[in-house]
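Peer 1: one predicted model, sequence on top.
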2 protein chains.
Amino acid sequence: MPQPQGSKGKVTIIEIADAAGVSKSTVSLVLTGRGAVKPETRQHVLQTMDRLGYVYNRGAANLRNAQSRIVGLVLNDLSNPFFAEFAIGVEKVLQMAGYVAFMANTAESVVRQEQVMRMMREHGAGGIILCPALDTRPEHLDWAKAAGTALLVAIRRLPGADTSIVVPENLLGASRVTRHLINLGHERIAFLGGMHSMVVRQERHGGFLAAMEAAGRNVDPALNIESMPTRDGGFSAMSAVLSLADRPTAVVCYNDVTAIGAMLAAARHGLVVGRDIAIVGFDDTSEARHVSPALTTVAVDPVGLGERAAALLLKQINDPAAEPESFIGPAHLVIRESCGAYQRALAAAG
Amino acid sequence: MPQPQGSKGKVTIIEIADAAGVSKSTVSLVLTGRGAVKPETRQHVLQTMDRLGYVYNRGAANLRNAQSRIVGLVLNDLSNPFFAEFAIGVEKVLQMAGYVAFMANTAESVVRQEQVMRMMREHGAGGIILCPALDTRPEHLDWAKAAGTALLVAIRRLPGADTSIVVPENLLGASRVTRHLINLGHERIAFLGGMHSMVVRQERHGGFLAAMEAAGRNVDPALNIESMPTRDGGFSAMSAVLSLADRPTAVVCYNDVTAIGAMLAAARHGLVVGRDIAIVGFDDTSEARHVSPALTTVAVDPVGLGERAAALLLKQINDPAAEPESFIGPAHLVIRESCGAYQRALAAAG
DNA sequence: TTTTATAATTGGAACGTTCCAATAAAAATC
DNA sequence: GATTTTTATTGGAACGTTCCAATTATAAAA
C-alpha cells in the first residue's frame, strides 16, 4: 500500500531523488522520458514515486519550457444544448491529446469574456477556442497575435479577425431547409428569431433569401421577425407573426431553441404544428428529436464541430507559424414531423 | 496605443522593472497590492505594464505560495442538460471569486475520471468538484485526503467517502411526486428507469416506496423496472410495463430524460399521456417544460446546486481544516400536464 | 537640527522543474 | 590491458514570481 507523505508538504522531485538514491536530474529524465536511463533505475524511481505519492508539478515544469498543455474554451451560452455538445467534442479531443481544458461561460457578456481570457492566459493556456459573445469586436482579439497565443473562433464568425475559424455552413443549410418548404408547396414563409446584428443570423437569413429568390417567391418584410435566440424569444416572435392578418403557412427559425418556442406559441394559438403550419429549426440539438412533433431541422453536428475546432487549435499550437485555417462544417437537412412532409407523404400514398 | 513586445519573448516582471526604473520587488508589490508603494510609483509601473503588454504568470507565482485559484469540475455526462446547468452554476460562482475552472467530461468512465483528476492535480487545481462516474469507488478518492486537496462530491452521493457533498433531496422529492399521484387516485403505480446500482435511484425509489407504504398501497415488484437513464432506456422500460397483463395507471420515472422516453412509448401504444396514463419525471430540466404534454416533475434547481457546490468548495479550500459539509438541496413538485391533474381539475370545475 | 518613527524600496534566496555541460561507468575496439 | 566509444548519471544555472530582511527616503517628534 502506498504510504503517502505527511498531509501537507508536497513531495518533490528532490525528495524522490533522495529516497531513491539518485540525483534529481535522473528523476527528471525518467519523468520526461527524454534521456537514456537504465531500466532498473527507471523502475526503482517509478516505484519510489508511487510509494511517496508524488504528483508532477506542471507549473514548475512550464516555467522552463513553456509547453503548458492547457487550452481554454470560452462559450457564450452553455445553457444552449448546442454549445454543450460542442464542448463535449472539444473536450474529448483535448483529453485524448493529453491536454486539459479551462472552461468558461460568458453568458454573452464581453466584459466577462475579456476577464476569463485574461485569466486563462495568466494561467498559461497555450491556446483558446472562443465562441464569441454577441458584441465582440475583432480588435478585442488583437492581444492573441501579439502574445503568440493560438486563438480559434468557433460557431460565430467574427468578420475582420484573422484567426482560424470553425463554423457550420449556415447559408447553405438555411437555403436547403427553405427549399424543402418551398417544395412542399409553401408560398408565404417567415423567418423568425435571432437579432439582426448576429452574424449567424445574417448567414442563415441570407440562405433563406437565396432559396426564396431562386424559387421566385416574393419575400414579405413583415415576415422577418427578430428576437432573442431563446425559447421565449421564439415564442413571442411566433405570436407576433400569428397576429398578422395574412399569416405565413411555414416558418424558418433561427435555431432549434427558437423553433421550439415557436411551436409552443403555435399550439397556444390552436394550430397543429406539421398540419396547420410548418415550423423548421436549425442545429439539430438532441431536443429536436424529442419534442413533439419532432422538429425538422438542419443538422450541423455540434460534437463534430467541437472535435474539429480542438484538432485545428492543437495543430495551430504545435506549429505557430502556420496560416489561420478555416473549417466550414456540413449542414444537412433532417426531415421530421414539424414541417408536415410526413403527413403529406401519407396523404399522397393513401 | 499599447506597443506590445516582439511576438514571442514573454515580457516578465524584470523587464517591467527595468523599463520603469524600479526593482522587480516593487513591481511585485504593485502586482500583489500587499506592501506599501507610493501612488505615483504604482501608477507608473501600471502604465509600463500596459505599454509592454505584460501578462502575469500565475504559474511562477504559485511556485512560491501555492495558491493556485484553479479548481476542477469533473462531470459524468455533460450531454445531460441537468449537468450542463449544474456546470453553469459552478462556473458562475467560481468566476465571481476570481477562480478559473478546468472542466472535463468523463462520459461515465472511471478510467477517464482518474486521468483527468490526476491531470488537474498536476496542473495545480486547489480543489475538485466531482460528479462521480457510475462505478466510482470511495477509495478512488483517497488521494485527496493524503494530498490535502479539497474535494467535493456532487449530485451522486458516494457512500463511504467522507467528503463534502451537494445533492438534491432525492428521497423526499420522489415521495412527494408519488404522493401527488396517489392523491389523484392512482392505485397501481410503477417505478421506471435507472439501474439498481445507482445511488440516486436507490434514494428516489426509496422515496417512492415510502410514499406508497405511507398510503397503504401495495407495491408490485413487477412494476419496478430498471433501464439505462436515457431516453431509449425509458422507452423500453415503458414498453415492457405496457405489455403486462395488469398495467399500471401511473408511472414514476427515474428522471426527466427517462420520463420523456416513457412518454414516447406510451404514445406509440396509443395512450394519451395525462389522460390514459400518468407519467412523472425528476429534475425539471428545461426539456420538461417543452415536451407535450408538459412533464410533471420534481424541480431540484441544478444551477443552484452548482452555485452551492462551488461556494462550499471555496470555503473548504480557504479553510482546509474545516469538517466536510453537506448540502441537501430542496426538491419541490412541479405540476404540469403529464400527470393528468390539470384535466382532473377541469372536470371537477366543469 | 537631530532623533525617532514610519513609509518605500530593494537585493537575494527560495519554489519545483528542465536542460546543458561535465563527469562517471560500462561496453566496444584495438 | 589500454584506449576509444557509448551509455548513464550528475551538479548547477535557468525559468518568473514572492517573500524576507535589509536598506534608504520621508515624515513626525523632539
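Peer 2: Yep, it's here.
Peer 1: contacts, neighbours, all on C-alpha from now
Peer 2: Will do.
Peer 1: A:Leu223: how many residues sit nearby?
Peer 2: Using other Cα atoms under 10 Å in any protein chain shown, A:Leu223 is surrounded by 20 other residues.
Peer 1: skipping adjacent residues, who's closest to it in space?
Peer 2: A:Ala190 (4.6 Å; Cα to Cα, 6 or more residues apart in numbering or on different chains).
Peer 1: ok, the one you found touching A:Tyr254?
Peer 2: No - judged on Cα atoms under 8 Å, A:Ala190 makes no contact with A:Tyr254 at a distance of 10.7 Å.
Peer 1: and A:Phe191, that's in a helix?
Peer 2: No - A:Phe191: not assigned to a helix; according to DSSP: H, G, I helix; E, B strand; the rest coil it is strand.
Peer 1: where does pLDDT dip in the stretch 201-350 of chain A?
Peer 2: Applying pLDDT under 70 to the stretch 201-350 of chain A flags the ranges A:350.
Peer 1: again, 90 this time
Peer 2: In the predicted model, the stretch 201-350 of chain A carries pLDDT under 90 at residues A:230-232, A:264, A:267-268, A:285-294, A:319-322, A:341-350.
Peer 1: do a quick rundown of the strands in it.
Peer 2: A:224-225, A:250-253, A:278-280, A:297-299, A:326-329, A:332-334 (DSSP state E, counting those that start in this stretch).
Peer 1: ok, the residue of the stretch 151-300 of chain A found nearest chain B to B:Pro293 distance?
Peer 2: Residue of the stretch 151-300 of chain A nearest chain B, by Cα to the nearest Cα: A:Val291 (5.3 Å). A:Val291 is 10 Å from B:Pro293, where distance means Cα to Cα, to the nearest Å.
Peer 1: ok, the residue of the stretch 151-300 of chain A closest to chain B - contacts?
Peer 2: Contact analysis of A:Val291 by Cα atoms under 8 Å, 6 or more residues apart in numbering or on different chains lists A:Ile260, B:His290, B:Val291, B:Ser292.
Peer 1: would you mind measuring from A:Leu29 to chain B?
Peer 2: Distance from A:Leu29 to chain B, counting by Cα to the nearest Cα, to the nearest Å: 17 Å.
Peer 1: and for the closest residue to A:Ser286 other than its chain neighbours, the neighbour number?
Peer 2: In space, not counting the residues next to it along the chain, A:Ser286 is nearest to A:Pro81; the distance is 7.7 Å by Cα to Cα, 6+ apart. Each residue near A:Pro81 was counted by other Cα under 10 Å, and the total is 24.
Peer 1: ok, A:Pro81 touching A:Ala288?
Peer 2: No - counting by Cα under 8 Å, A:Pro81 stays clear of A:Ala288, with 10.5 Å between them.
Peer 1: where along the stretch 1-150 of chain A do the helices fall?
Peer 2: A:13-20, A:24-32, A:39-52, A:58-65, A:81-96, A:110-122, A:142-147 (DSSP state H, counting those that start in this stretch).
Peer 1: any idea which element the residue of the stretch 151-300 of chain A found nearest DNA strand C lies in?
Peer 2: Using Cα to the nearest atom of the strand, the closest approach of the stretch 151-300 of chain A to DNA strand C is made by A:Leu151 at 23.9 Å. Per DSSP states H and E: A:Leu151 is located in strand A:150-154.
Peer 1: for the helix or strand following that strand, list the C-alpha coordinates in CSV.
Peer 2: Where DSSP H and E defines the elements, the next helix or strand beyond strand A:150-154 is strand A:164-168. Output of strand A:164-168 as CSV, limited to C-alpha atoms (Å, rounded to 0.1, in the frame of the first residue of the first chain):
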residue,chain,number,x,y,z
SER,A,164,-8.7,30.2,-37.6
ILE,A,165,-12.4,29.5,-37.9
VAL,A,166,-14.7,26.6,-37.4
VAL,A,167,-18.3,27.3,-38.3
PRO,A,168,-21.2,25.3,-39.9
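Peer 1: now for strand A:164-168, which elements pack on it?
Peer 2: Strand A:164-168 sits against strand A:150-154, helix A:302-318, strand A:326-329, with contacts defined as 3 or more Cα pairs under 8 Å, 6 or more residues apart in numbering or on different chains; DSSP states H and E.
Peer 1: so who does A:Pro248 touch?
Peer 2: A:Pro248 sits next to A:Glu187, A:Arg188, A:Ile189, A:Ala190, A:Leu223, A:Val241, A:Leu242, A:Ile277 when contact means Cα under 8 Å, 6+ apart.
Peer 1: write the PyMOL selection for whichever of these are buried.
Peer 2: A single PyMOL command selects the buried members of those (16 or more other Cα atoms under 10 Å in any protein chain shown):
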select buried, chain A and resi 187+188+189+190+223+241+277
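Peer 1: A:Val74: which of the contacts of A:Pro248 is nearest?
Peer 2: Proximity of the contacts of A:Pro248 to A:Val74 (Cα to Cα) peaks at A:Ala190, which lies at 32.7 Å.
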